[in-house]
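> next one to model:
(2 chains)
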Amino acid sequence: MSAFVREMRGAYAFVERNVNLIKRYWGWEVVWLIYSLTNALAITYIGNGMGAISGQEIDTQYIVTYLLVGALIWQYLSVIFYAISEMIAWERWEGTIEYTFMAPVSRPTHLVGTTLFAIGYGIVRTLVILGIVVAFFRLNLGGANLIGAVLMLLAGSVSFVGLGILAAVLPLLYPERGAQMTNAVAAILLLISGVYYPIETLPAWLQRIAAASPATYVIKGMRACLLEGEETVTLLPTVGALIGIGVAIIAAGLIVFRYVEAYAKRSGRLKRSG
Amino acid sequence: MRTTALEVEGVRKVFVRKDRTGKRRLLRRSKKQEVAALRKIDLTVARGEVFGVLGPNGSGKSTLIRLVSTLLLPDSGSLRVFGHDVEHDPFAVKRMINRVSVDAAFFKKFSPIENLMYAARLYGLEATEARQRMRTIMKRLGLKEETFNSPMEHMSRGMQQKVAVARGFLTAPILLLLDEPTTGLDPHSKRDVQAFVREIRQTHDATVLLTTHDMDEADRLCDRIAIIDEGRIIALDTPAGLKTLVSAKNGDETTMEDVFLALTGRTFEEAEAKEEVPA
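Below you'll find the predicted structure:
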């Protein structure tokens, strides 16, 4: 058997395992879907009510679309982030971490399997939410550049895979509370990346941090495509930069993960399940 | 000349524990306590041998198994599996070993087939062949076919442990690490697992490293036994050889319990009353 076939089978193990987890915990999936959906609706209704809140005549259609784009993209990117950052947390919860770590599967293969699942799952989940949300709001995407938007989203996914790997080390380092710490990482990204407001509204010091978040560029680019219909050619430098940053973050994530895994093996942290 | 399956040379492992019992104060570091799990262990296991490591809870047995499994790194010394260094060539080692531990860790909502298929894919096995093999092994272990697709959480501890044994053997390891595989099992399940270990030894070219605190089990299954206490090997010989170290009491046959008492000055129960180390 070739090494490639063996590695692909290893990668598929994680895809199949995660699909089985969804099937077995379907009740939790429904709960989380309702939570994400109501969250997206609540945020978008803020845009719908802007006129009533301010007492002024406002183009709420634009604001609704602006917020909805942010909500849906954040929904997709956060699913990728959590699906990857939980690759260790699930094993901790179920107590299987030692069996997975003693299997002859490299960490990049582990990552490839988890990423394939995360992207597929993120797309399906976001489309379901989009399908329901459009029943509540009138969206005008007539002049939108959908191809550019997809390109931008895929480029942004690379960075979030890398951020997910970096966050996945937390449950390795902190068996009891590591999984919860990943929520803090996601919350900071949500605050600084201009998901629901332009980053110019942030204090100057937060704007400087926002410039380091890949999500800032993904969301800005997506809005340019969907709201302004910006052409794909003008987006290419941003897409290229996002892929470059993403590859760099993935490489950094793998190095950090390797170091932390060795530390966990030296200190005996693989054993305890949180 | 017999091939060497496992070589352990001068292995030490110390864990650092944080003392969380005292008052915690801001900006003050918590006390750290070092616990020596293994203190310079040396042993060699020949290919095809069933080698037992007998000792009370906390003696370092599981630490030794985790070191061979690549789940822990030694502080000093080296471990080699069929000549491959566990620390520097872990992938070669991982392909040759599998492990059954005392806690049958599974995705509890998955069925045995789903859990075993996950393991099979991680080891690069082809799905159809793996499915066939897992069914054969589970049937041989006495598991009923109707349980193969039911969630593991509905199975008894003994049944779960049998699935764990099936997972350990599914990948046909040439070094099988059994870490107290029968602890907590009912006598019937225990016999099934022990019979399977004997069968593996007879029908397959497998070497078995078995840790246990069941003295009779060690006596019945193992070719040689290392008695380990407080991280040190205090005796290593065949079961018969170990028994000759101790004179029989009141004309009764010497047991491993007598051997342990004679070597440590403590009964097994007294030794187990000590606190267990982290791994």
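
> CA only for contacts and neighbour counts going forward, please
Noted.

> what about the residue of the stretch 101-250 of chain A found nearest chain B, which helix or strand?
Nearest residue of the stretch 101-250 of chain A to chain B: A:Pro104, at 5.2 Å (CA to the nearest CA). If you go by DSSP states H and E, A:Pro104 is not part of any helix or strand.

> so what does it look like in phi/psi?
With angles defined as degrees, to the nearest 10, A:Pro104 sits at phi -80, psi 60.

> burial count for it?
A:Pro104 has 21 neighbouring residues, counting by other CA atoms under 10 Å in any protein chain shown.

> next helix or strand past the host helix or strand of A:Met222?
A:Met222 is part of helix A:214-227 when elements are defined by DSSP H and E. As assigned by DSSP H and E, the chain's next helix or strand after helix A:214-227 is helix A:232-267.

> what comes up buried for that following helix?
A:232, A:235, A:238-239, A:242-243, A:245-247, A:249-250, A:252-254, A:257, A:260-267 (16 or more other CA atoms under 10 Å in any protein chain shown).

> quick one: mean pLDDT over it.
Averaging pLDDT along helix A:232-267 gives 94.

> close to chain B, is that helix?
Yes: counting by CA under 8 Å from any CA of the partner chain, chain B is contacted by helix A:232-267 at A:262, A:264-267.

> list the helices and strands that helix packs on?
Counting contacts by 3 or more CA pairs under 8 Å, 6 or more residues apart in numbering or on different chains; DSSP states H and E, helix A:232-267 is packed against helix A:146-173, helix A:214-227.

> can I get these in a markdown table including distance to B:Leu64?
Listed next are the helices and strands packed on helix A:232-267 as a markdown table, based on distance: least, CA to CA, whole Å:
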| stretch | distance to B:Leu64 |
| --- | --- |
| helix A:146-173 | 21 |
| helix A:214-227 | 45 |
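
> quick one: low-confidence parts of the chain?
Defaulting to chain A. A:1, A:272-274 (pLDDT under 70).

> actually chain B
B:1-2, B:19-30, B:247-251, B:268-279.

> other residues contacting the biggest helix by length in it?
Looking across chain B with DSSP state H, the single longest helix is helix B:187-203. Contact with helix B:187-203 is made by B:48-50, B:141-142, B:158-159, B:162, B:165, B:181-182, B:206-208, B:217, B:221, as judged by CA atoms under 8 Å, 6 or more residues apart in numbering or on different chains.

> sorry, back to before: would you mind putting the helices and strands packed on helix A:232-267 into CSV with mean neighbour count and distance to chain B alongside?
Below are the helices and strands packed on helix A:232-267 laid out as CSV (neighbours: other CA atoms under 10 Å in any protein chain shown; distance: least, CA to the nearest CA, whole Å):
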stretch, mean neighbour count, distance to chain B
helix A:146-173, 24, 13
helix A:214-227, 23, 33
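
> what's the closest of the residues of helix A:232-267 next to chain B to A:Pro171?
The nearest member of these to A:Pro171, counting by CA to CA, is A:Ala264 at 10.4 Å.

> what sits closest to that closest one if chain neighbours are left out?
If the residues on either side of it in the chain are set aside, A:Ala264 comes closest to A:Leu270, at 5.9 Å by CA to CA, 6 or more residues apart in numbering or on different chains.
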